[in-house]
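>>> generate coordinates for the sequence data below:
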Amino acid sequence: MSMEFDDIAIGKRLFVGEGTPFSLGIGPAEIRGSAYIEGPLVLGSAPLFPFVSAATMIGPVTNSESPAPIIPGTIALFNRSPYSLSVVGDAAVFDNLTVNGQIEVGTNVIAQGEVIARVLGGQHILSLKKNFDIPHPSKADWRLRHTCPEGPSNDVYIRGRVTGENHINLPSYWKNFVDTTSITVNLTPVGAHQDVIIKRIDEKKIHLQSKGNMPIDCYYHIFAERKDGEKLISEYPGKTPEDYPGNNDEYSVVGYNYDKRR
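Numbering: from 1, shown residues only. You can find the predicted model right below:
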């Protein structure tokens with residue numbers, strides 16, 4: 001049976017299906033203007049969904065009376081027509097988000113964990129440097145740009161100052177994280193020449209020795225190469241990063257896997 005209505009006014013809640021939507025309140029605590037639809041629910045172009053793919057399936061707008069507006073003061077990114085979904089305000093996704101196309105962001109991408117990108121094939125423009133650019137912390141209307149250190153090996157480092165000790169403790173996780181034979185140490189004495197030397201290195205400590213066993217006070221900078229994976233092949237024949245002769249799954253290349261510029 002098909003029924004047609006004009007405007008329908010619902011004073012409190014639209015409820016379609018079974019179950020109890022506790023999040024919307026129960027009885028006198030029901031949230032005015034709320035709705036519960038068991039689903040599946042299709043909005044927009046219904047023929048685009050030949051099978052049930054989600055609780056809510058949203059296609060492009062098919063109503064010619066609802067053109068997508070141009071939003072004054074926004075960048076062109078937000079002025080396309082039509083969008084299938086438009087949200088004003090924050091949006092939350094509590095589980096995975098799968099996107100077949102690209103994600104475009106007007107300001108920042110903030111992640112609590114790692115941001116990992118994998119792209120195969122295609123033509124890309126490589127970025128020559130990896131850097132960040134932020135508002136200057138102490139000069140108004142200035143900016144601060146730093147670039148990442150680069151080298152021919154997958155290194156990690158620690159730095160600090162040792163005072164009154166004859167050793168430097170290495171992070172406990174370095175034992176299974178770095179190749180201990182690759183460790184290098186730079187020392188800078190503070191206040192006076194102490195003739196500090198590296199006596200020996202093990203997986204837990206850098207053992208130091210000074211002339212005449214005088215008290216040690218120095219800055220240190222320690223590098224080591226990661227061993228959780230293959231060694232970096234810094235030079236190889238090829239036209240794109242796709243030609244890398246090692247395991248490309250271990251790497252995310254700026255300008256190729258992400259941050260593409262045209």
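>>> sec struct for residue 221, please.
Under the three-state scheme (DSSP: H, G, I helix; E, B strand; the rest coil), residue 221 adopts strand.
>>> what about this protein, any weak spots by pLDDT?
Scanning the chain for pLDDT under 70 picks out 1, 67-82, 106, 108, 111-130, 254-255, 257-262.
>>> cutoff 90 now
For the chain, the stretches with pLDDT under 90 are 1-39, 41-138, 141-151, 154, 173, 175-176, 211-214, 227-234, 238-244, 247-262.
>>> surely residue 173 is in a helix?
Yes - using three-state DSSP, the assignment for residue 173 is a helix.
>>> count the neighbours of it for me.
9 (other C-beta atoms under 10 Å). Heads up, the C-betas are built off the backbone N, CA and C, glycines and all.
>>> same question for residue 148.
By other C-beta under 10 Å, the residues close to residue 148 number 9.
>>> my guess is it contacts residue 131, does it?
Yes - in terms of C-beta atoms under 8 Å, residue 148 counts as a neighbour of residue 131; the distance is 6.5 Å.
>>> now do the contacts for residue 37.
Shown in contact with residue 37 (C-beta atoms under 8 Å, 6 or more residues apart in numbering): 14, 16, 17.
>>> any idea how far it is from residue 22?
When distances are taken as C-beta to C-beta, to the nearest Å, residue 37 and residue 22 turn out to be 16 Å apart.
>>> and residue 237, by the same measure?
As judged by C-beta to C-beta, residue 237 and residue 22 stand 62 Å apart.
>>> for residue 147, same thing?
Distance of residue 147 to residue 22, given as C-beta to C-beta: 52 Å.
>>> the two: who's more crowded?
Taking other C-beta under 10 Å, residue 147 and residue 22 do not tie; residue 147 has more neighbours (11 against 8).
>>> isn't that one up against residue 131?
Yes - taking C-beta under 8 Å as the contact criterion, residue 147 and residue 131 are neighbours in contact, 4.1 Å apart.
>>> after the lengthiest strand in the chain, next one along is what?
Among all segments of the chain classified by DSSP state E, the strand with the greatest residue count is strand 178-189. Using DSSP states H and E, the helix or strand that follows strand 178-189 towards the C-terminus is strand 197-201.
>>> mind listing residues that contact that following strand?
Residues contacting strand 197-201 (C-beta under 8 Å, 6+ apart): 180, 183, 185, 187, 206, 207, 208, 209, 210.
>>> out of these, flag the one nearest to residue 95.
Taking C-beta to C-beta as the measure, residue 95 lies nearest residue 180 of the contacts of strand 197-201, at 40.4 Å.
>>> check the burial of the closest one by counting its neighbours.
When neighbours are counted by other C-beta under 10 Å, residue 180 registers 16.
>>> how about the nearest residue to it, chain neighbours excluded?
For residue 180, the nearest residue in space outside its immediate sequence neighbours is residue 203; the separation is 5.0 Å by C-beta to C-beta, 6 or more residues apart in numbering.
>>> got a list of what the closest residue to residue 62 other than its chain neighbours touches?
On the basis of C-beta to C-beta, 6+ apart, the spatially nearest residue to residue 62 that is not a chain neighbour turns out to be residue 45, at 5.0 Å. For residue 45, the contacting residues are 59, 60, 61, 62, by C-beta under 8 Å, 6+ apart.
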